[in-house]
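Novice: please work out how this folds:
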Amino acid sequence: MKTWPLISSACLSLLLTVSAVAAEKQKPYPHYWITVATTSQNLPGMSAEMGGMSAMFGGKNPFAPRRELQLQLESPQTSAAPKAEHLIPPGQKMGEALPLVRPVVEKSGQSPERYQQPAQYEKPKARMLIYWGCGETIGQGQPKIIDTATMSMADFGKALAGRTATRQTAPAPRKGWTYAEWPDKKNQTDIPADSSLVGRHKITGNYLIPEIQFSLGAKHDYMAAVEFEPLATTATGASTVVWKPVPTAIGYFATAMGHNQETGETIFWSASQVPETGFGLLDYLTAGDVNRFIKEKVVLPASTTSCTVPPIFKGDQPGMLQFIAYGEELNLAHPPKPKDPKQRWDIEWSAKVRLKSTSMLPLMAAEKGDTPRKARSSRKSKKQVEQQEEGQYDTPSQQKQQDKEGDGSTMKGMGNRLKGMFGF
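Specialist: Numbering: from 1, shown residues only. A predicted model of the protein is given here:
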């Protein structure tokens, strides 16, 4: 007869034990983010002409691919004189370590301004045409028109909003924690073109116990720059965009924007097969998001190497294409998650590496002839061509002057077409 009280007591004890374990929350631990990007710009048929522009930028080619790196550390541990650094592999070619520095908070000496009643609100005027999909012709049901004249601002915002990615909160200054980063205002260093992240990484500091250590392989190194083939225009006026595969990409996405000077309309296009503005997708995405958007026919699979922009950008009013190749994000935690789900997992630190490669391309094909030198020749007068063929220039300087005039015409034409993109 005393069995039931004993069983009840045992069950109660077990429940109290489980509750006590559940009540023990994971202790705060350091988070470290490595944000990696490769950026480039492409101007069709302009490589030769742009070579001389490097002198304007300190001898550097402003259109050459660039590598970018950002390091962010937050730790619940504190120190009276915080100090930390990231020991890097030799292949990074940036010394032995990168200093992780606490940002200086500048205090404003200005007194707060007195409240002023805002001027009377005036509803902005905007009319936007939204297109989507790769193809030589405009798809059915397009464009989707968004016009503030017929919509409330709330509806206007909803119409522009597209898919959203998983929210990720990067390390940042916060009360009770120590935050540091690289680069900072005092440490601004260009990343070498042949720099590599492959190898052993170690993050140490007097507010970082234990130290963070891990290795990176080729999959999580700087991504290759996006390289486009010469832009081609189809008979329908569409633009065929072809790119070289980015070896470590897990997906691609592209958007384009232009402006119609005659109507004042702004034109948007995305490579998605379904209606999508894509404003929230031109950034780092998790592998889960990329795979989900590929299934939804929004993001292009990594096997894709071309996309045709339908004829929505006309003549001297071309669009500007923005392109992104997504890299595979790496997430680490120490110690690793136990295989036994019943075993408690006390994380000591976490690290994230996220990658992307981006580029921009004006949607305007080079003139027939295709190299810049041939394009210049095609614009020479018949007399100039005959003189060149027969060697009838009076002096070598005369021939040089003729070539210079051709170059100017190329630059002027390119400038006028670029202006048409945004209506300035």
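Novice: residue 219 - that's part of a helix, no?
Specialist: Yes: looking at residue 219 with DSSP: H, G, I helix; E, B strand; the rest coil, it is inside a helix.
Novice: pretty sure it contacts residue 248?
Specialist: Yes: look at residue 219 against residue 248 with CB atoms under 8 Å: they come within range, at 5.6 Å. All C-beta spots, glycine's among them, are computed from the backbone N, C-alpha and C.
Novice: got the domain ranges for this structure?
Specialist: 31-103+124-362, 372-422 (automatic domain parsing).
Novice: just the terminal-to-terminal distance for stretch 315-330.
Specialist: 44 Å (CA to CA, to the nearest Å).
Novice: pull out the buried positions in it.
Specialist: For stretch 315-330, a neighbour-count test (16 or more other CB atoms under 10 Å) marks 317-330 as buried.
Novice: check stretch 279-287 too.
Specialist: 281, 282, 284, 285, 286.
Novice: just stretch 297-313 next, same as before
Specialist: 298, 299, 300, 302, 304, 307, 308, 309, 310, 311, 312, 313.
Novice: these two touch, right, residue 300 and residue 250?
Specialist: No: using CB under 8 Å, residue 300 makes no contact with residue 250, being 10.8 Å away.
Novice: identify, from the buried residues of stretch 297-313, the entry nearest to residue 158.
Specialist: Distance to residue 158 across the buried residues of stretch 297-313 (CB to CB) is lowest for residue 298, with 18.0 Å.
Novice: what count of nearby residues applies to residue 174?
Specialist: By other CB atoms under 10 Å, the residues close to residue 174 number 10.
Novice: ok, now the one 10 residues further on?
Specialist: By the measure other CB under 10 Å, the count of residues near residue 184 is 14.
Novice: look up the closest residue to it, ignoring the ones flanking it.
Specialist: residue 101 (4.5 Å; CB to CB, 6 or more residues apart in numbering).
Novice: can you put the buried residues of stretch 279-287 in CSV and add secondary structure, distance to residue 72 and pLDDT?
Specialist: Listed next are the buried residues of stretch 279-287 as CSV, based on DSSP: H, G, I helix; E, B strand; the rest coil; distance: CB to CB, whole Å; pLDDT from 0 to 100:
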residue, secondary structure, distance to residue 72, pLDDT
281, coil, 22, 95
282, coil, 21, 94
284, coil, 13, 97
285, coil, 18, 97
286, coil, 17, 96
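Novice: give me the low-pLDDT residue ranges for the chain?
Specialist: Within the chain, the ranges that satisfy pLDDT under 70 run 1-24, 43-62, 106-124, 365-424.
Novice: what segments of it are helices?
Specialist: 3-23, 47-50, 153-160, 287-295, 372-378, 382-390, 396-422 (DSSP state H).
Novice: what number of residues lie near residue 239?
Specialist: So residue 239, with other CB under 10 Å, has 25 neighbours.
Novice: what sits against it?
Specialist: Shown in contact with residue 239 (CB atoms under 8 Å, 6 or more residues apart in numbering): 231, 232, 233, 308, 309, 313, 363, 364, 365.
Novice: state the distance from the second one to residue 242.
Specialist: When distance is defined by CB to CB, to the nearest Å, residue 232 is 8 Å away from residue 242.
Novice: returning to that earlier point: ok, residue 219 and residue 248, which is more surrounded?
Specialist: Using other CB under 10 Å, the more surrounded residue of residue 219 and residue 248 is residue 248, with 19 against 15.
Novice: the more buried one is in contact with residue 327, isn't it?
Specialist: Yes: using CB under 8 Å, residue 248 and residue 327 qualify as a contacting pair, with a distance of 5.7 Å.
Novice: hey, what's in contact with both of those two?
Specialist: Residues touching both residue 248 and residue 327 (CB under 8 Å, 6+ apart): 223, 355.
Novice: could you measure the residue nearest to residue 184 against residue 190, distance?
Specialist: 18 Å.
Novice: got a list of what residue 75 touches?
Specialist: Contacts of residue 75 (CB under 8 Å, 6+ apart): 30, 177, 178, 179, 205, 207, 208.
Novice: give me the phi and psi for the nearest residue to it once chain neighbours are set aside.
Specialist: Counting by CB to CB, 6+ apart, residue 30 is the residue found nearest to residue 75 once chain neighbours are left out, at 4.1 Å. Torsion angles at residue 30 (phi, psi; degrees, to the nearest 10) stand at phi -70, psi 150.
Novice: quick one: residue 30 from residue 100, how far?
Specialist: Applying CB to CB to residue 30 and residue 100 gives a distance of 11 Å.
Novice: surely residue 228 is in contact with residue 242?
Specialist: Yes: counting by CB under 8 Å, residue 228 does reach residue 242; the two are 6.7 Å apart.
Novice: which one of these two has more residues nearby?
Specialist: A count of neighbours by other CB under 10 Å puts residue 228 above the other of residue 228 and residue 242, at 17 against 14.
Novice: which strand residues bridge the more buried one?
Specialist: Beta-bridge pairing for residue 228 (DSSP bridges): residue 243.
Novice: ok, it to residue 356 distance?
Specialist: Remark: distance between residue 228 and residue 356 (CB to CB) = 17 Å.
Novice: re earlier: intersection of neighbour lists for residue 219 and residue 248?
Specialist: Both residue 219 and residue 248 are contacted by residue 328, under the criterion CB under 8 Å, 6+ apart.
Novice: that older thread, ok, which pair from the contacts of residue 75 is furthest apart?
Specialist: Farthest pair in the contacts of residue 75, by CB to CB: 177 and 205, 12.9 Å.
Novice: more neighbours: those two, which one.
Specialist: Using other CB under 10 Å as the criterion, residue 177 and residue 205 rank with residue 205 on top: 21 against 18.
Novice: hang on, the more buried one packs against residue 100?
Specialist: Yes: the pair residue 205 / residue 100 is scored as a contact, 6.9 Å apart, by CB under 8 Å.
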